[in-house]
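J.: Predicted structure and sequence below. I'll ask about it afterward.
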Amino acid sequence: MSRVINPDSAGKTRNRLTRSIILAIRHLMQQPEPNQEARDLAAFIALALLEIHDTVDVSVQAWEKRGYWVKADRFRMDWEWTGQVGRQLRDALLQENWSEIPALAAKIVQHWGNITIPERHRLGTPWVGAWKTLKESA
């Protein structure tokens with residue numbers, strides 16, 4: 001029997017989600033007021049950050065098996081902020097606290113401001129329906 005190879009690894013998932021988050025932040029900052037699209041965008045950002053946080057442990061398992069504890073801990077510390085900001089953003093959204101959302105978006109851009117997304121990207125609009133998903137998961 002041959003081994004099964006997963007083409008969608010945790011690293012590729014993190015890369016796709018980080019690019020989608022930056023794209024969503026750009027669209028969110030263009031919204032003049034909190035509307036349905038702004039809710040979808042902010043909810044997607046929160047859910048994606050939490051999903052990124054979940055992929056970190058999957059990535060460090062291989063390093064821990066080989067005894068690279070320092071490398072695994074450094075990687076965890078580098079990505080720990082995603083869980084914190086994701087929870088803060090989720091809580092701000094559920095409480096309709098729109099004054100806190102731009103500050104949280106600025107924290108995200110501070111970490112990922114150097115990511116460039118081409119004009120003709122294939123990311124689509126993954127945030128459509130994210131508000132409903134966030135409300136159902138809360």
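T.: Perfect, thanks for sending it. Just so you know, these numbers come straight off a predicted model, no measurement behind them.
J.: So which residues of this protein form helices?
T.: 10-29, 36-65, 69-94, 101-112, 130-137 (DSSP state H).
J.: a markdown table for those helices, including distance to Leu123 and mean pLDDT?
T.: For glycine as for every other residue, the C-beta is placed from the backbone atoms N, C-alpha and C. Supplementary listing: the helices of the chain in a markdown table, determined by distance: least, Cβ to Cβ, whole Å; pLDDT from 0 to 100:
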| stretch | distance to Leu123 | mean pLDDT |
| --- | --- | --- |
| helix 10-29 | 5 | 90 |
| helix 36-65 | 11 | 92 |
| helix 69-94 | 18 | 94 |
| helix 101-112 | 14 | 92 |
| helix 130-137 | 14 | 90 |
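J.: which stretch among these comes nearest His121?
T.: With Cβ to Cβ as the measure, helix 10-29 is the member of the helices of the chain nearest His121 (7.2 Å).
J.: re earlier: let me know which of the helices of the chain is the nearest to Glu119.
T.: Closest to Glu119 of the helices of the chain, according to Cβ to Cβ: helix 10-29, at 11.2 Å.
J.: Packing partners of that closest one?
T.: helix 36-65, helix 101-112 (3 or more Cβ pairs under 8 Å, 6 or more residues apart in numbering; DSSP states H and E).
J.: Just name the most buried of those.
T.: Burial of those is given as mean neighbour count (mean count of other Cβ atoms under 10 Å); helix 36-65 ranks first at a mean of 19.
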